[in-house]
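>>> Quick check, what structure comes out for this input:
(one chain, ligands or ions: 2)
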Amino acid sequence: MQLDLIITNIGQLLPMDKEGPVKGSNMNDLTVWENAALGIKDGKVVWIGSNDEINQVESDQMIDANGKLVTPGLVEPHTHLVFGGSREKEMALKQQGVPYLEILKQGGGILSTVQATREASYEDLVEKALFHLDRMAMHGITTVEAKSGYGLDRETELKQLQAVKEANANHPLDVVSTFLGAHAVPSEYKHDPEAFLDRMADMFAEIKAENLAEFVDIFTETGVFTVEQSRRYLQKAKDHGFGVKIHADEIDPLGGTELAVEMGAISGDHLAVTSDEGIKQLADSNTIGVILPGTSFYLGKEEYARAREMINAGAAISISTDFNPGSCVTENLQLIMSIAALKLKLSPEEIWHAVTVNAAHAIGRGSEAGSLTIGRKADVVIWDAPNYLYIPYHYGVNHTNTVIKNGEILYQRQEIR
Ligand SMILES: N=CN[C@@H](CCC(=O)O)C(=O)O
Ligand SMILES: [Zn+2]
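Ligands and ions are numbered 1, 2, ... in the order given. I've put the predicted structure just below:
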């Protein structure tokens, strides 16, 4: 067989070969191939074998992994990629103990990014999104979800969604778009959140027709949108053919997790304060829990999502950065893998499922991303690491050596040593 690229001498290869979403104790069962080689042709994985069998194939290009770890490209299932400005001045308020929802109530937080995003030009938003995508790629992410939600008016929400579309078209990473018009109540509608939700729902038909988003999301939270408002809004989204997601039970336990299950959401995200009943319902459902422990860390919370109990109960869990300018300002999913180990008490095996197969399923890409089996996209990371335990263990730095997207080298640090 003639290949475009072969990666030889792989110390550990994680094919992530389980049919997803991977639930409960199955998340702990990881296939590891040692002394392996991986063949790529036309952007796809076409050959996997032992390193001793590489004489069976010929290849135009070869990379010697020198005994290192090779995995699928990471899948990042929850980001707020497109926004204007930044919020470094909020850090002092957080240090003084001003709560996240209080900053929002005073017109800061999400609402200050809304102001900056309304003022930003379309070109600047695209440019900034491409910059952050580059940084994600460098950290091993090859597929990413991106939400709108810093416009909160028709014009700016569309500007953000167009920017996501353009970033997807102009960057090698695959970007999956979510409409989060219901991210906060803008000051113009402070006294009438229902009317605001109606305005956002008025956009569903246009967003669908222009193919600007696959999912609709809402922030179900105290002082933002109630469970009842969220239910009505998401039902309209489903009627328009969108998959739905919820920012659920992040700060107050309102029952957003239960709502995500009830609505058949593809994912319920955050779940930091989910109730016992919510955990039970999640475990019995097809909804994936996307846990964002970097947010708990960055907001200085003592309490982290009970992801351990969720998996023990049988749920499918993914993890994500929640990259955004306010509650978690990092593109480094590897750091979140370490926080998941230390604070969520997930095993390395569970963590690898959470950032590959399950993350792909949480954004509707389960059949193409998050796995290195024959016929899948050749989205591959060669790590400067001897084994898969090493990435959550050695924290806070970037371990990627080579990042390959659709069979092409996207980022290469230096020769593998
Ligand atoms: N909680 C709601 N939205 C984002 C934060 C957005 C922001 O603070 O700008 C989140 O997922 O954490
Ligand atoms: Zn979010």
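>>> Return the alpha-carbon coordinates of stretch 282-298 using CSV.
Taking C-alpha atoms only, stretch 282-298 is exported to CSV below (Å, rounded to 0.1, in the frame of the first residue of the first chain):
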residue,chain,number,x,y,z
LEU,A,282,-28.0,12.1,33.5
ALA,A,283,-26.7,8.6,34.0
ASP,A,284,-29.9,7.1,32.6
SER,A,285,-29.9,9.4,29.5
ASN,A,286,-28.0,9.9,26.2
THR,A,287,-27.1,13.5,27.2
ILE,A,288,-23.4,14.0,27.7
GLY,A,289,-22.2,15.9,30.8
VAL,A,290,-19.6,18.4,29.6
ILE,A,291,-17.7,19.4,32.8
LEU,A,292,-15.7,22.6,32.9
PRO,A,293,-13.5,22.4,36.0
GLY,A,294,-11.2,25.2,34.8
THR,A,295,-14.2,27.5,35.4
SER,A,296,-14.6,26.4,39.0
PHE,A,297,-10.8,26.9,39.4
TYR,A,298,-10.7,30.3,37.8
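>>> Check which residues of it are buried.
Residues 282-283, 285, 287-298 are the ones in stretch 282-298 that count as buried (16 or more other C-beta atoms under 10 Å). No exception for glycine: its C-beta is placed from N, CA and C like everyone else's.
>>> got it, and stretch 129-147?
129-130, 132-134, 136-147.
>>> before we move on, what SS does residue 9 have?
With DSSP: H, G, I helix; E, B strand; the rest coil as the basis, residue 9 sits in strand.
>>> What of residue 75?
strand.
>>> contacting residues for it?
By C-beta atoms under 8 Å, 6 or more residues apart in numbering, the residues touching residue 75 are 141-144, 355-356, 359-360, 363, 365, 369-370.
>>> Filter the residues you listed down to just the ones in strands.
141-144 (DSSP state E).
>>> tell me which of those residues is nearest to residue 185?
For the ones in strands among the contacts of residue 75, the closest approach to residue 185 (C-beta to C-beta) belongs to residue 144, at 27.3 Å.
>>> State the distance from that closest one to residue 80.
Residue 144 sits 11 Å away from residue 80, going by C-beta to C-beta, to the nearest Å.
>>> quick one: contacts for the residue of the chain found nearest ligand 1?
Of all residues in the chain, the one sitting closest to ligand 1 is residue 326 (2.5 Å; C-beta to the nearest ligand atom). Neighbouring residues of residue 326 by C-beta under 8 Å, 6+ apart: 87, 90, 100, 109-110, 113.
>>> Residue 32 too?
Residue 32 sits next to 12-14, 388 when contact means C-beta under 8 Å, 6+ apart.
>>> change it to 6 Å
Contact analysis of residue 32 by C-beta atoms under 6 Å, 6 or more residues apart in numbering lists residue 12.
>>> Over to it: give its phi and psi.
phi -130, psi 120 (degrees, to the nearest 10).
>>> Tell me the pLDDT of it.
We have a pLDDT of 98 for residue 32.
>>> again with the one 10 residues further on
At residue 42, the model reports a pLDDT of 98.
>>> okay, now it: neighbour count?
Residues near residue 42, counting by other C-beta atoms under 10 Å, number 10.
>>> Equivalent analysis for residue 401, please.
Using other C-beta under 10 Å, the number of residues around residue 401 comes to 24.
>>> May I have the secondary structure class of it?
strand.
>>> Dihedrals phi and psi, the spatially most central residue of the chain?
Computing the C-alpha centroid of the chain and ranking residues by C-alpha atoms, centre = their mean puts residue 77 first, at 2.0 Å. Residue 77 adopts backbone torsions of phi -90, psi 10, taken as degrees, to the nearest 10.
>>> Please report how far it lies from residue 178.
In terms of C-beta to C-beta, residue 77 sits 10 Å off from residue 178.
>>> shared neighbours of the two, anything?
Residues touching both residue 77 and residue 178 by C-beta under 6 Å, 6+ apart: residue 145.
>>> what sits against residue 83?
Residues counted as contacts of residue 83 (C-beta under 6 Å, 6+ apart) are 113, 117, 150, 325.
>>> Buried subset of these as a PyMOL selection?
In PyMOL, this line selects whichever of those come out buried by 16+ other C-beta under 10 Å:
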select buried, resi 113+117+150+325
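>>> hmm, which two among the contacts of residue 83 are most spread apart?
Among the contacts of residue 83, 117 and 325 lie farthest apart (C-beta to C-beta), at 9.6 Å.
>>> quick revisit: pick the one among the contacts of residue 326 closest to residue 247.
Among the contacts of residue 326, residue 110 lies closest to residue 247 (C-beta to C-beta), at 10.8 Å.
>>> Would you confirm that the closest one contacts residue 186?
No: assessed by C-beta atoms under 6 Å, residue 110 is found out of contact with residue 186, at 9.7 Å.
>>> more crowded one of the two?
residue 110 (26 against 19).
>>> Quick check: nearest residue in space to the more buried one, chain neighbours excluded?
Sequence neighbours aside, residue 184 is the residue nearest to residue 110 in space, at 4.5 Å (criterion: C-beta to C-beta, 6 or more residues apart in numbering).
>>> How many residues are close by residue 317?
If you count neighbours by other C-beta under 10 Å, residue 317 ends up with 30.
>>> Can you tell me the closest non-neighbouring residue to it?
Of all residues not flanking residue 317 in the chain, residue 289 sits nearest, at 4.9 Å (C-beta to C-beta, 6+ apart).
>>> hmm, back to that, just put the contacts of residue 75 in TSV and tack on pLDDT and distance to residue 245.
Rendered in TSV, the data for the contacts of residue 75 read as follows (pLDDT from 0 to 100; distance: C-beta to C-beta, whole Å):
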residue	pLDDT	distance to residue 245
141	98	19
142	98	21
143	98	16
144	98	14
355	99	18
356	98	19
359	99	13
360	98	15
363	98	9
365	98	14
369	97	17
370	98	17
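>>> of those residues, closest to residue 395?
Using C-beta to C-beta, the contacts of residue 75 come closest to residue 395 at residue 355, 14.4 Å.
>>> Contacts only, for residue 337.
351, 391-392.
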